[in-house]
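[1] Quick one: sequence plus predicted model below, questions after.
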Number of protein chains: 2
Amino acid sequence: MKRKITLKQIAKELDVSISTVSKSLRNSLEIGEETRLKVQAFAKFYNYKPNNIALSLKNRKTKSIGIIIPEIVHYFFSTVINGIEQVANEYGYSVVICVSDDSFDKEVLNMEMLANGSIDGFIMSLSKETQFKGDFHHITEVINQGMPVVMFDRVTNDILCDKVIIDDKSAAYEAVQSLIDSGRKKIALVTTVDYVSVGKLRTDGYEKALLDNGLPFNEDLIIKIEDVDTCEITISELLHARAFDAVFAVNELFAVTIIKTANKMGLKVPEDLAVIAFTDGIISKYSTPTITTVSQSGEKMGNKAAKMLIERIEAEDDDDEEHNENYITEVIETHLIKRESTD
Amino acid sequence: MKRKITLKQIAKELDVSISTVSKSLRNSLEIGEETRLKVQAFAKFYNYKPNNIALSLKNRKTKSIGIIIPEIVHYFFSTVINGIEQVANEYGYSVVICVSDDSFDKEVLNMEMLANGSIDGFIMSLSKETQFKGDFHHITEVINQGMPVVMFDRVTNDILCDKVIIDDKSAAYEAVQSLIDSGRKKIALVTTVDYVSVGKLRTDGYEKALLDNGLPFNEDLIIKIEDVDTCEITISELLHARAFDAVFAVNELFAVTIIKTANKMGLKVPEDLAVIAFTDGIISKYSTPTITTVSQSGEKMGNKAAKMLIERIEAEDDDDEEHNENYITEVIETHLIKRESTD
DNA sequence: TTTCAACACTACCACGTTTTCGTAAAGCAA
DNA sequence: TTGCTTTACGAAAACGTGGTAGTGTTGAAA
């Protein structure tokens, strides 16, 4: 068990100074060829690699970015991480991941843990609790310290920073419109109770699509689900009443549960009930019937977010007076993936 | 935009030495109460937090652990990360994640990137390519440098280190046995072509269960799938021939595809075909019919792996002569979750 | 008056790098 | 020999911490 070798050890071993070793390895012309080659050979033999921590301390750059997300066992978020990881890797960055578990306190704790020099910037999606509380001081704080932050998907207008989102409203609009186009008149919206930004926007899109088509906007057809397990009861009651002939669900878990409930009641999808879900996940692809979804490319969001963050990080070097704060909000395209749950 | 404040800046501002500031903040009795309180107040006001990088350099501890996995958009792996993250957080560690994409080169690159001081230890699952090549020099290297490594799920006997696995063989045995118990005689195994350790073990368990029950072990009933998309054809041919009445699939993706194919052919699951899948993922829970699975708790594996790693890391401090290399292999329990795809 | 301890603080080192500046030795022209 | 340039290297600072050892002052005991 040999510990990693350092410049100092090499210097001692070869009886030269640390600077000589450092310069030799960086191929400085200051050092005579003989010494240079000797040092390089020695370093190679002992597999010398500069210590990242020391470099970080010296350069005030860690070459790593922090990701804070509400959940990780979640198709969408894991695709985002994947997207971030790809770009980060390309640029030589590592990614540090923290899960807030949709808890405000954890989010704050995680940010504080990473903000003390461990990373060069954040990519984050707000926890439900944070969105509900509307308390973003932890984020303002790191931004004020000059650390770049990119928010994605679950964002807030209260913070000025780069953002990557999808146009939830028009994506929802498009989905509902397609249901209307196929002749559906009574379209239900199945959403969450949480006050999450995206939920609100999707509801807006739903409403607008109805009104634009001269259909009534009926509050009773907005079904707010607290817990997936209780979803079934609510749904089946409404289905019994034949209250709706189509459903727009804000996530695929709701959608699949609705389909299963309908099937149990002898209703056929899509004949008796058309279903569209937000988020193109793995369930939609493999459920029976497969589910028409609004695709929301997490990978693209991740790619974009990582690029934006890294650009910010590396721009700081040059223009270190006052970084120009012309923050941008990137909108990622969505599209409807038609599958068997609609006709 | 105020940069983070340092001990040095506080010292200068209050016109005392750096050591005085450091000691005041650590509540050392060496420092008079007046000065101590003054410093503490000042530090609190400016929200002083020690710089992690400097601490890491000094303590030769980064308080972060590296995770290297083949994929991240993958239910099982994301649950493992979740498990690791929970424990890591509890002990004050951060997790750095790298994805090998099942590529040997990326795995090596990622390990090298992290091994130069960025982390205190690794938790990893081998990439397919690495398992196929049988080249583990990058892992031996970090271990030789004294960095603890814990491997999980996709492990190898060629490396001596702590491991967390499930008993793939007996889990497979149990699954096949349950099919036999319900009267199935012609049981197919649907597996991958890759030479991944777990695949081999599951095949062994399958074979043993058959033989122990006096059933013939027929190579033709072992279906090796190269690509999920081509799976359907192979399966349907065999189904036409009524070659089997039950399937044991090594993952849920295969299982759901098989079920869909059978349905298309007018076969009923489980009446005409019983299906059991390895890995209890989200698809199994939501497919129609729901799929009986061998649960493999990724979260537990993650918990355990993280605990083992952190214990190793923190044990090194005390016993720094020669750490006792009594490596352990932890076997996580599995159990069969009966759902609709079997009777 | 001397000595000793307590007090309150500072100096210095180490962690591993990079980089700027300095300088000794050698070479060369005058 | 003197003065100047070049070559080839070394010393030291800096990044931010924290611990050990040291230092100067004060008051009191001997």
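    Ah, there it is. These numbers were taken from a predicted model, which means no experiment stands behind them.

[2] Next up, the contacts around the residue nearest to A:T257 when sequence neighbours are not counted.
    Distances taken as Cβ to Cβ, 6 or more residues apart in numbering or on different chains place A:C231 nearest to A:T257, at 5.2 Å, with adjacent residues excluded. For glycine as for every other residue, the C-beta is placed from the backbone atoms N, C-alpha and C. By Cβ atoms under 8 Å, 6 or more residues apart in numbering or on different chains, A:C231 lies in contact with A:V190, A:I225, A:F254, A:T257, A:I258, A:T261.

[3] and if you look at A:Q145?
    A:A115, B:M1, B:K2, B:R3, B:K4.

[4] sorry, back to before: nearest to B:R202, of the contacts of A:C231?
    Nearest to B:R202 among the contacts of A:C231, counting by Cβ to Cβ, is A:T257 at 31.2 Å.

[5] For the strand or helix carrying the closest one, name the packing helices and strands.
    Assessed by DSSP states H and E, A:T257 sits inside helix A:252-264. If contacts are counted by 3 or more Cβ pairs under 8 Å, 6 or more residues apart in numbering or on different chains; DSSP states H and E, helix A:252-264 sits against strand A:187-192, helix A:228-240, strand A:246-249, strand A:274-278, helix A:282-286, helix B:282-286.

[6] what angle separates that helix from strand A:187-192?
    Between the axis of helix A:252-264 and that of strand A:187-192 there is an angle of 130 degrees, by axes from the mean of the first three to the mean of the last three Cα atoms, to 10 degrees.

[7] Serialize the contacts of A:C231 to CSV and add fields for distance to A:V21.
    Conversion of the contacts of A:C231 to CSV gives the following (distance: Cβ to Cβ, whole Å):
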residue, distance to A:V21
A:V190, 66
A:I225, 64
A:F254, 62
A:T257, 64
A:I258, 67
A:T261, 71
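
[8] A:S56 against A:T62, yeah?
    Yes: in this structure, A:S56 is within contact of A:T62 by Cβ atoms under 8 Å, at 4.5 Å.

[9] which neighbours do those two share?
    With Cβ under 8 Å, 6+ apart, A:S56 and A:T62 have common neighbours A:G117, B:I53.

[10] Lowest mean pLDDT across the helices and strands packed on helix A:252-264, which one is that?
    When those are compared on mean pLDDT, helix A:228-240 scores lowest, with a mean of 77.

[11] in that helix, what's buried?
    A:C231, A:T234, A:I235, A:S236, A:L238, A:L239 (16 or more other Cβ atoms under 10 Å in any protein chain shown).

[12] Stretch A:79-87 now?
    So for stretch A:79-87, counting by 16+ other Cβ under 10 Å, buried means A:T79, A:V80, A:I81, A:N82, A:G83, A:I84, A:E85, A:V87.

[13] for stretch A:212-229, same thing?
    A:L221, A:I223, A:I225.

[14] quick one: the strands in the stretch 1-150 of chain A?
    A:64-69, A:94-99, A:121-124, A:149-152 (DSSP state E, counting those that start in this stretch).

[15] Ok, which of those strands comes nearest chain B?
    Closest to chain B of the strands of the stretch 1-150 of chain A is strand A:94-99 (Cβ to the nearest Cβ; 5.1 Å).

[16] Report the entries of the buried residues of helix A:228-240 that also contact DNA strand C.
    When contact is defined as Cβ under 7 Å from any atom of the strand, the buried residues of helix A:228-240 do not meet DNA strand C at all.
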